[in-house]
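1. Sequence unavailable; structure follows:
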């Protein structure tokens, strides 16, 4: 809402003379000044009003709020005396209309009357000036005291007005357009015998609209159900000033006052014919419990405790009174006040906290002391927090950057992955109302966005990328169910150039990624098993390299996958690097291990060096080094500290693996014993795997 | 050997050795002079040519020559070694400005850095971190938080709907509702950070997905004064010793509701474009938990009270890193992420 500061001063002369101070007071009572403009016709404030305060949408409402701070009452402006209309009052056929009445008056001939410039300007600030004095009078009342009015050309109405719900197939030519607009059934409308003349609380129609030739006016003043108005405004996509006001709950005490004020203004501006009627006809509406008078108990001791200051009860009474509350001392309880809720606050003041809020704003929240409560001890990080931090530290240590991607993508983007038909990756949780098609599908994989980031950075000449993200993936289980799972994914491509001038630097392959993942598991007190096949593979596996990828298992459960992205997938992004490594991990699988880690006693380090021997075997494709190592460790006649592959020589059909075995040494083991153990191990491996083509190199 | 020859020999030795610059040549000269067949040995052999006092005198001279040659050789050895070391040092000089060979570390996302900072501060006050789903029910996102259907506040948070019941959470406050729902009416003290979604057009300062942080504390006897104490403590921990102000706001799930502003760090409160000339920067929304919310989860509002506060982590990140736009930090631009890593927070 935009207001003229000079007009506001007219309603609240106690505002500080300094503009900045005036703005500070406004903000302190809850009326935020978003912008201050100097215009040829004075200073204009753009206000951001509290969402629950419909009564702030007018000059008198703002003035009343300030009146509570300055302890000054804010009387209503003068109103015309309206007599009872002889014509029957409009009929209200719907409970969504809580109060309804019409005032009648007649405009004088000629154009001698005019809207005062200050009000013309005030209306222009909010695009409400029409140049039609009767309409502008109604709009002025709306901006002045906050009661929305609608003015009809009485001569264009056919039959009595009726407030009812719209019916199927009805249309109306609304004031902001020429074409008939379908009015959805069930909206609250005002109609005459020929149809809709206004969508209640939102907008009138052209058929009964005031024009330059209008003489006889029917000034509608009403109170409509906030939800009904909101539904209508949304259905018609028209957020008018009246709708904004009604949606926040209008003041039932202003229904007649509003109409009377409009007549008074027209009279004051010389617009009424000398013989103009000044009548009022109010419809009978069903009682609504929300409008019933109510009092709220205010315990002054509780108030003192709440803000940790002793309040002067008389000052509390004065300020609440200036805000419109009717305050009295409780008949029985000392230090208790009873505050009657005024009409303009019936929609948002219900309990003592509401009054605390009023008092807080009137005294200023800044004026109260801050008391740091006993907080007890600090909270240790949860296992989940510790696990995430441990994983982050490993990844950052390896040069990865954390990225954040959207939770969704478009169907077109997803098609780029080339997901095989029938894959569960073709099913998505869909957003039914996304305003942008890029937001239409909740992501069920992170590979797509990882490749997008590769593309983005490679287009900017980056030759190496290592990044990760903690995110959620969404799997459609069926039409009305889904599964959301936390995922840590990472991607790396290109070549690290650090130290390339010294012969250092390296590209990335499966083994590098495996090392990173092993360190991640280690940091969480766990281990990954790397399996080529599992019973229930991730659907992303179909997008990975058929041989240079593996599934990750934690305690025998599939927790993710890792390896090279299939070249046919990366080809869709036209990346400049041949090889893209990717991993995807249900990192919560590592939490349990992290959480249950116990302090086990550490054995003394061996005093004597381990006894190491090498042996090389050709292992055919399909036989893993781990299978051979397990056999070695199982049959070793001496205690093995560890065994590992230290070299792999591949030439043609030859795949020679060099295994290094390290035997425990208590300084009693002889070379002959070690050699004997090696012979036994070698023989066993050959016996066990000879049929699969293993031989010693 | 004559005495004069001996003296010439001593002179020659000093001159020749002084001219040497190579350790090998020096060794040859040591052999030449002091070796088994060396000149000094030959001079010693000549001693027996003399008799009496002449013999004693000649022997003394020979010894002196031997000592002189030895001293000259040692000095030369020392000099040559020093020269060799100097040459080696000169040859081994490295350029320390060349790039290192150790791989560089990566970095956490700036939003995560700010989140960790916030969570750490709140952890010291005893707040425990909680998480919740991003696809949320309308109950936990709206209804339970005193935002019924058709409430104007729902308009303020344009919502992505999956179906009638499910949506993408519009705020992390939904986790507050979930925590209260399972707390069984017991005191809770929780911090929540995570992604939230708004169904709105994306531009430089608006995203359809961004990050928020929520904290809330429900217990017996908590008052507004306590809330203000915690809020100001948080503001000072995050932004340093600056003026803080509370201004009235309206949130459906708190009452009273306030916004917490800190003095603009760029202009010191005088007003500048960064703070829209107000001198203040809003950092969080907060308030006392609404009694309807407490009642919804079985808390007696006359016995229990609580306060809640929250802020846009994304916005706070841009403030702290001095970024004018939100969108770039969500692009996965590795150049920007490296540039921001280690950059001191500005705390605008």
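-> Nice, I can see it. None of these values were measured; they are calculated from a predicted model.

2. where does chain B have low pLDDT?
-> B:152-153, B:155-157, B:344-348 (pLDDT under 70).

3. longest helix anywhere in it?
-> helix B:52-91 (DSSP state H).

4. ok, then the element right after it?
-> helix B:110-124 (DSSP states H and E).

5. what's that following helix in contact with?
-> The list of residues contacting helix B:110-124 from outside it, by CB atoms under 8 Å, 6 or more residues apart in numbering or on different chains, reads A:375, A:378-381, A:385, A:389, A:392, A:402, A:404, B:108, B:127, B:129, B:191, B:193, B:211, B:213, B:215, B:234, B:237-238, B:313-314, B:316-317, B:320-321, B:329, B:337, B:340, B:345. Any C-beta I mention is one placed from the backbone N, CA and C, and that applies to glycine too.

6. make it 7 Å
-> A:378-379, A:381, A:402, A:404, B:129, B:191, B:193, B:211, B:213, B:215, B:234, B:237-238, B:313-314, B:316-317, B:320-321, B:329, B:340 (CB atoms under 7 Å, 6 or more residues apart in numbering or on different chains).

7. cool, stretch A:688-697 as well?
-> A:616, A:617, A:618, A:619, A:620, A:623, A:628, A:631, A:656, A:682, A:685, A:686.

8. can I assume the fourth one is in contact with residue A:655?
-> Yes. Under the contact definition of CB atoms under 7 Å, residue A:619 touches residue A:655, with a separation of 5.5 Å.

9. Tell me which of these two has more neighbours.
-> Shown here are residue A:619 and residue A:655; by other CB atoms under 10 Å in any protein chain shown, residue A:619 has more neighbours (24 against 18).

10. what about whatever residue of the stretch 1-150 of chain B ends up closest to chain A, neighbour count?
-> Going by CB to the nearest CB, chain A is nearest to residue B:101 of the stretch 1-150 of chain B, at 2.8 Å. For residue B:101, the neighbour count with other CB under 10 Å is 13.

11. separation between it and residue B:164?
-> Using CB to CB, to the nearest Å, residue B:101 is found at 59 Å from residue B:164.

12. same deal with residue B:95?
-> Distance from residue B:95 to residue B:164, counting by CB to CB: 68 Å.

13. Those two: who's more crowded?
-> Using other CB under 10 Å as the criterion, residue B:95 and residue B:164 rank with residue B:164 on top: 9 against 5.

14. so how far is residue A:278 from the nearest residue to residue A:271 once chain neighbours are set aside?
-> Spatial nearest neighbour of residue A:271, chain neighbours left out: residue A:113 (3.9 Å); criterion: CB to CB, 6 or more residues apart in numbering or on different chains. Going from residue A:113 to residue A:278 by CB to CB gives 16 Å.

15. Among the two, which residue is more densely surrounded?
-> When residue A:113 is set against residue A:278 and neighbours are counted by other CB under 10 Å, the residue ahead is residue A:278, at 20 against 16.

16. quick one: the helices in the stretch 551-697 of chain A?
-> Listed in chain order, the helices of the stretch 551-697 of chain A (DSSP state H, counting those that start in this stretch) span A:567-570, A:591-596, A:625-635, A:671-689.

17. Chain B contacts on the stretch 51-200 of chain A?
-> Residues of the stretch 51-200 of chain A lying near chain B by CB under 7 Å from any CB of the partner chain: A:51, A:52, A:53.

18. now do 6 Å
-> Counting by CB under 6 Å from any CB of the partner chain, the residues of the stretch 51-200 of chain A close to chain B are A:51, A:52.

19. and if you look at the stretch 201-350 of chain A?
-> Neighbours of chain B within the stretch 201-350 of chain A, by CB under 6 Å from any CB: A:227, A:230, A:247, A:305, A:306, A:307, A:308.

20. hmm, 10 Å instead?
-> Proximity of the stretch 201-350 of chain A to chain B is confined to A:225-231, A:233-234, A:239, A:244, A:247-248, A:302-309, A:348, A:350 under the rule CB under 10 Å from any CB of the partner chain.

21. Which of these are buried, as a PyMOL select command?
-> PyMOL command restricting these to the buried ones, with burial defined by 16 or more other CB atoms under 10 Å in any protein chain shown:
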select buried, chain A and resi 225+226+227+228+229+230+231+233+244+247+248+303+306+307+308+348+350
